[in-house]
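for reference, the sequence and a predicted model appear below.
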Amino acid sequence: MTKIVLVPGSIRRDSLNASVLATVRRLLAERPDGDEYDIDTLSVGHLPYYDGDVEQAGGTDAVHAAKELVRDADALFISTPSYNGEMPGVLKNALDWLSRPGGNSPLTGKTVALASASPGARGAVDAQAALAGVLTRCGAQVVAHDPVAVGKAHQLSTANGVFTDSDVLLALTGLVDATLAALPARPAAAHA
């Protein structure tokens, strides 16, 4: 079973980036091997503000749960809006927690795919570079793929919070394929 964690960078109800990730979830489920994916979501809004004193005191239950979820994942899909040209503070805060301890954090060596969406024409693509930079500094392996940025996302057709626009589906299918191809090979199961 391949464990996938979806991380929306927005905590807004009816988030466009949550719709991107709902579409990723649907694309994974529709693959011929779709029953081999265990998919979960990390809600970044449940984490407290990063505080070194709280970390030294052992963290919080929400921090422990987030770290365990990410540590157990084979890959992450993060979709972010752009706030003033950068990722939202709530997403950066989550990455600050997940980056600890340095060099041996849940993000170390993790395969991470990036996407973005916004009502703007550029689809929040400007937030992806900084996000990739932070993830790389945390030791994550950002999937090499052309940026997937869903512009004017509020105008695109959806069904039950999932994008149905053919260009969006094509771009996200390519990202899903690239992410699965980037996963480290699993050791063959031992025969009894």
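Great, that's in hand.

tell me which residues of stretch 45-57 are tucked away?
Leu47, Tyr50 (16 or more other Cβ atoms under 10 Å). Bear in mind the C-beta positions are built from the backbone N, C-alpha and C, glycine included.

so what touches it?
With contact meaning Cβ atoms under 8 Å, 6 or more residues apart in numbering, stretch 45-57 is reached by Ile11, Thr60, Ala62, Val63, Ala66, Val90, Asn93, Ala94, Asp96, Trp97, Arg100.

so for that stretch, mean pLDDT?
Mean pLDDT, computed over stretch 45-57, is 96.

wait, what's in contact with Ala124?
Taking Cβ under 8 Å, 6+ apart, we find Ala124 in contact with Thr80, Pro81, Ser82, Ser116, Ala117, Ser118, Ala149.

need those residues in TSV with distance to Gly109, can you?
Listed next are the contacts of Ala124 as TSV, based on distance: Cβ to Cβ, whole Å:
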residue	distance to Gly109
Thr80	21
Pro81	27
Ser82	27
Ser116	23
Ala117	27
Ser118	30
Ala149	26
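
most neighbours among those, please name it.
Highest neighbour count within the contacts of Ala124, by other Cβ atoms under 10 Å: Ala117, with 33 neighbours.

how far away is that one from His154?
According to Cβ to Cβ, to the nearest Å, Ala117 and His154 sit 9 Å apart.

same question, Leu172
17 Å.

and Gly102, by the same measure?
Taking Cβ to Cβ, one finds Gly102 at 38 Å from His154.

how about Thr179?
Relative to His154, and taking Cβ to Cβ, Thr179 is found at 26 Å.

which one of these two has more residues nearby?
More neighbours surround Thr179 than the other of Thr179 and His154, with 22 against 13 (other Cβ under 10 Å).
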